[in-house]
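Q: Mind folding the following:
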Amino acid sequence: MIPDVDEDGARRGRTRYTLTDRELGHAWGTCAEVEGLFGQTGRETYELFGWVAEEPGEPEVHGWIGREVWFVPEDGALDTWLLEDAESLGPHPGTDGLVLTGLDDHLPPPEDHHGTVLLHDGRRRLGSCRGFARALPPGRMDPPILLRGLAPGEELRRALEAATRPALDLGEAVLEVRDDRGEPFAELLLWVTVSGRRPSALGSDLIDLELEGKLSALVPEAARPLWERRLAGVPRTTGTWTDLDTRQRWAWLDHVLRKPRPHTGVGRPSGHAYELDGRHVTDVPGLYLALGEAVGGPGGYLGANLHALADCLGGRFGRSGPATLLWRDSAVAREHLSQALAPDGRPYDLFACVLDVLAEFRMRVTLA
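A: Residues are numbered from 1 along each chain as shown. The predicted structure is shown next:
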């Protein structure tokens, strides 16, 4: 549950979440608190047979591995395959295998592939296995969504009064989220049924509404710190992401990506001078967060990969025209980003590629 943290704006807090009928556009109701938005459903589990770590004697791969883990069949018989937001559950008991979980809904995996497969996370080679297969996970259900302190709209009042069954189908709906300043923060798509309601302790005219069904995508648990910070409003200073770990930085960047600001940097005169604080550019999301803030200020967006960076520099969501960039503490990025791996496992220099893209779009960079 994300509590109401707007101490000076009770009304704004009360209307932080609005549940809206997607087809007809009317608001089912507004509330200050929602439970059940965060979770990990949708993940698949894989067993890697005959796992061998890249470096002998390395500790077992355990916990979160990376935003992207690439499977590269050594014989080239299959294309590379991506497992996103990958986590290791450790060795499979009694075997030489390793168990991984992650998101694979963008591209179906090969069926029970047997043959040497190399794994890397875009930064380092993790190891190899002699084949892998999907494991059947235990049965799972999306958790119910609870809207606490809901002020029901007129349509919902009428529907609840007219309902002849305990369950009330709301169909396709959108949960609109606003921050403490009233600015749009996120929109979540749902297909839900009212499964329960009761008077709310938050007000005599309010109800707690329980919904069952499907949320288009649960908000990853790693994104919870981002929500807690950003619901207070768009950052007023740069660098508010610097104390986050890599997984949380990716979540922060994902949110910035979904909220592009087309006016950022546009209209500034040619030759504008930007400055990048490079002290915390220790990973890929840190690179793009720092670039976005250097050009667009707090919460600025300038891409989340090389192709998106080129789009932004060409005038989409970013600046256009020649400019200069003073990249302070650039040695940090050079140290951490110069040895990257392409999806097929070939090494490349990400730091150099970023400089090439900046130069291509007439951003003259001074490394300091």
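Q: Quick one: name whatever helix or strand follows the host helix or strand of Leu160.
A: Per DSSP states H and E: Leu160 is located in helix 154-162. Using DSSP H and E, the helix or strand that follows helix 154-162 in sequence is strand 168-178.
Q: Pairing partners for that following strand, with directions?
A: strand 17-21 (antiparallel), strand 184-199 (antiparallel) (DSSP bridges).
Q: Export those to CSV and append columns for distance to Glu228, mean pLDDT and mean neighbour count.
A: Placement of C-beta: from N, CA and C, glycine included. Listed next are the strands paired with strand 168-178 as CSV, based on distance: least, C-beta to C-beta, whole Å; pLDDT from 0 to 100; neighbours: other C-beta atoms under 10 Å:
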stretch, distance to Glu228, mean pLDDT, mean neighbour count
strand 17-21, 15, 96, 21
strand 184-199, 12, 91, 16
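Q: and these as a markdown table, adding distance to Glu293?
A: Shown next, in a markdown table, are the strands paired with strand 168-178 (distance: least, C-beta to C-beta, whole Å):
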| stretch | distance to Glu293 |
| --- | --- |
| strand 17-21 | 28 |
| strand 184-199 | 19 |
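Q: Now do stretch 326-338: distance to the chain's middle.
A: 24 Å (C-alpha atoms, centre = their mean, to the nearest Å).
Q: ok, Leu126 to Asp245 distance?
A: Applying C-beta to C-beta, to the nearest Å, the value for Leu126 to Asp245 is 18 Å.
Q: now His272, which residues is it bridged with?
A: The residues that His272 bridges to, once DSSP bridges is applied, are Ala323.
Q: Pretty sure it sits against Gly296.
A: No: contact criterion C-beta atoms under 8 Å: His272 and Gly296 do not qualify, at 11.9 Å.
Q: quick one: which of these two has more around it?
A: Neighbour totals were compared for His272 and Gly296, and Gly296 leads with 24 against 14 (other C-beta atoms under 10 Å).
Q: shouldn't the more buried one be in contact with Leu302?
A: Yes: with contact defined as C-beta under 8 Å, Gly296 reaches Leu302; the gap is 6.5 Å.
Q: Secondary structure element holding the residue nearest the centre of the chain?
A: The centroid of the chain falls nearest to Ala251 when counting by C-alpha atoms, centre = their mean (3.7 Å). According to DSSP H and E, Ala251 maps onto helix 246-258.
Q: tell me what that helix is packed against?
A: Judged by 3 or more C-beta pairs under 8 Å, 6 or more residues apart in numbering; DSSP states H and E, the packing partners of helix 246-258 are strand 63-73, helix 224-230, helix 284-296.
Q: and Val256, which of the strands paired with strand 168-178 is closest to it?
A: strand 184-199 (11.8 Å; C-beta to C-beta).
Q: picking up where we left off before, hmm, who's touching the helix holding Leu160?
A: Here helix 154-162 makes contact (C-beta atoms under 8 Å, 6 or more residues apart in numbering) with Asp21, His26, Ala27, Trp28, Gly29, Pro152, Leu168, Val194, Arg197.
Q: Go through that helix and flag the buried ones.
A: Leu156, Ala159 (16 or more other C-beta atoms under 10 Å).
Q: could you give the mean pLDDT of it?
A: The average pLDDT for helix 154-162 rounds to 92.
Q: do the same with stretch 249-268
A: 69.
Q: any low-confidence regions in the stretch 251-368 of the chain?
A: Applying pLDDT under 70 to the stretch 251-368 of the chain picks out residues 259-270, 316-320.
Q: Now do the same contact list for the closest residue to Gly149 other than its chain neighbours.
A: Take Gly149 and drop its neighbours on the chain: the residue closest to it by C-beta to C-beta, 6 or more residues apart in numbering is Leu202, 3.4 Å away. Residues near Leu202 by C-beta under 8 Å, 6+ apart: Ala32, Glu33, Arg148, Gly149.
Q: so which two of those are the farthest from each other?
A: Farthest-apart pair in the contacts of Leu202 is Ala32 and Arg148; separation 7.1 Å (C-beta to C-beta).
Q: So which of these two has more stuff around it?
A: Using other C-beta under 10 Å as the criterion, Ala32 and Arg148 rank with Ala32 on top: 24 against 21.
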